[in-house]
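Novice: I would like the atomic coordinates for the input below:
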Amino acid sequence: MDLIYTDKNGIDVDMLPTYKLDMAYGRDENNFEVTIAIEDHCCEPECRIYMGDSDDGKNQWTEIGGIIDAIKLNTESGDITYSGRTWHGIMEGKVLCPDAGQDYLTLSGEANTVLDTLIKRMNLEDMFEVSDVDSGIIIASYQMDRYIAGYTGIRKMLKNANAKLKMHYKEGKVEMQAIPLIDYSKDEEWDSTQISATVSKNDIPVNHIICLGKGELKERKVIHLFQDSRGNISKTQSYFGIQEITDIYDNANTESEQELEEKGREKLEDAYAAANSMEVTFKSNEIYDIGDYVGTTERYTGIKIREEITKKIIKVNSNDFCCCGCSWYYFPYVL
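Specialist: Numbers count the residues shown, from 1 in each chain. Here you go, the predicted structure:
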């Protein structure tokens, strides 16, 4: 896989020489560092880097890349480090706001059309280009959280429609589209002989949340939400007695009952994710996207887990090339 750098206008210049790449994107970070020898210094702020690959002579465009924001020089080690935002980080650096006089930004329509509207709303159309193909995915009166970061808002909106964001950098543009998310746990499961994984499983996380909204004393709005052993949330209680663990979500500033319930659901989802998590390191580049679902079974303990992929961490060391041109790199997925 080649790491290519461009000039400030996004025009390809050359491949980076020997380098180390550390990049993360998804629910947080959305940034990167590239380290090379001082004598190989070739980039400046606003240049772009991106990773390309080829298969049987055909270009394979990837999601791995971003824009350089800063340069750090270390004379002791003889290294220079370029750091910046991934494509995801560029969107995350924007805020989606309600229109003047409106409480919320509400979106409806075919998903790619809505994505195009959001990219233009964030003034990013010079770098990002949304597919004009009908995705078959409908955004139905989706209400964005007030003043939400761009990439986070897009991911939440698409997840609500059982979709995900697919993008790659190609010829100076980040091409993007909405496609259906995939639940790989239904068709395939990894076991500990196939991957390196760190699994954390708590059978009894917080499973009951009391949402407190507007009002005083007995007039205050109260919603009870419950979670079952598979992480499903409803208003029907699943755990009782010593297995019931309750928490409170207190927000008297919520504008509606719907918003109060949505925030309560998010709090339960976060609790479940924290109690049941998995970090996976692949020995090769597996094609799973942020938003997909995967599952694993640990053969010694029998622990099973199904989680959403929320983050990718990419580490590449170009020194680790073998004579046939292969490189060793790993893609931990935080779930």
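
Novice: which other helices and strands contact the longest helix seen in the chain?
Specialist: Longest helix in the chain by number of residues (criterion: DSSP state H): helix 257-275. Under the contact criterion of 3 or more Cβ pairs under 8 Å, 6 or more residues apart in numbering; DSSP states H and E, helix 257-275 touches strand 208-212, strand 222-227, strand 233-234, strand 246-250. C-betas here are computed from N, CA, C, even on glycine.

Novice: Apply 6 Å and report the result again.
Specialist: Packing partners of helix 257-275 (3 or more Cβ pairs under 6 Å, 6 or more residues apart in numbering; DSSP states H and E): strand 208-212, strand 222-227.

Novice: Direction included, what does the last one pair up with?
Specialist: Yep, that's strand 222-227 we're talking about. Sheet pairing here is set by DSSP bridges, and for strand 222-227 it gives strand 208-212 (antiparallel), strand 233-234 (antiparallel).

Novice: How far does it sit from its chain's centre?
Specialist: Centre-to-centre, strand 222-227 and its host chain are 27 Å apart (Cα atoms, centre = their mean, to the nearest Å).

Novice: Please parse the chain into its domains.
Specialist: 2-90, 94-180, 208-263 (automatic domain parsing).

Novice: now the angle between strand 222-227 and the longest helix of the chain, please.
Specialist: Counting by axes from the mean of the first three to the mean of the last three Cα atoms, to 10 degrees, helix 257-275 lies at 30 degrees to strand 222-227.

Novice: Dump helix 257-275 to PDB, keeping only the CA atoms.
Specialist: Once non-C-alpha atoms are left out, helix 257-275 reads as follows in PDB (Å, rounded to 0.1, in the frame of the first residue of the first chain):
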ATOM      1  CA  GLU A 257     -40.500  14.000  25.500                       C
ATOM      2  CA  GLN A 258     -39.000  12.500  22.400                       C
ATOM      3  CA  GLU A 259     -35.700  14.200  23.000                       C
ATOM      4  CA  LEU A 260     -35.700  13.100  26.700                       C
ATOM      5  CA  GLU A 261     -36.300   9.500  25.700                       C
ATOM      6  CA  GLU A 262     -33.600   9.600  22.900                       C
ATOM      7  CA  LYS A 263     -31.000  10.900  25.400                       C
ATOM      8  CA  GLY A 264     -32.000   8.200  27.900                       C
ATOM      9  CA  ARG A 265     -31.600   5.500  25.300                       C
ATOM     10  CA  GLU A 266     -28.200   6.900  24.400                       C
ATOM     11  CA  LYS A 267     -27.100   6.700  28.000                       C
ATOM     12  CA  LEU A 268     -28.300   3.000  28.300                       C
ATOM     13  CA  GLU A 269     -26.500   2.200  25.000                       C
ATOM     14  CA  ASP A 270     -23.300   3.800  26.300                       C
ATOM     15  CA  ALA A 271     -23.500   1.800  29.500                       C
ATOM     16  CA  TYR A 272     -24.000  -1.400  27.600                       C
ATOM     17  CA  ALA A 273     -21.100  -0.600  25.200                       C
ATOM     18  CA  ALA A 274     -18.800   0.100  28.100                       C
ATOM     19  CA  ALA A 275     -19.700  -3.200  29.800                       C
END
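
Novice: what about it, average pLDDT?
Specialist: Averaged over helix 257-275, pLDDT sits at 87.

Novice: Kindly report the same for stretch 177-192.
Specialist: On average, the pLDDT along stretch 177-192 is 77.

Novice: Quick one: end-to-end distance for stretch 67-85.
Specialist: End-to-end distance for stretch 67-85, by Cα to Cα, to the nearest Å: 6 Å.

Novice: same question, stretch 2-15
Specialist: End-to-end distance (Cα to Cα), stretch 2-15: 6 Å.

Novice: contacts for that stretch?
Specialist: 16, 19, 43, 46, 47, 48, 49, 50, 51, 52, 172 (Cβ atoms under 6 Å, 6 or more residues apart in numbering).

Novice: now for the domains of the chain, which one comes closest to residue 316?
Specialist: domain 2-90 (4.3 Å; Cβ to Cβ).

Novice: Can you add mean neighbour count and distance to residue 289 and give the domains of the chain back as CSV?
Specialist: Shown next, in CSV, are those (neighbours: other Cβ atoms under 10 Å; distance: least, Cβ to Cβ, whole Å):
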stretch, mean neighbour count, distance to residue 289
domain 2-90, 17, 8
domain 94-180, 17, 5
domain 208-263, 14, 20
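
Novice: Thank you kindly, that will do.
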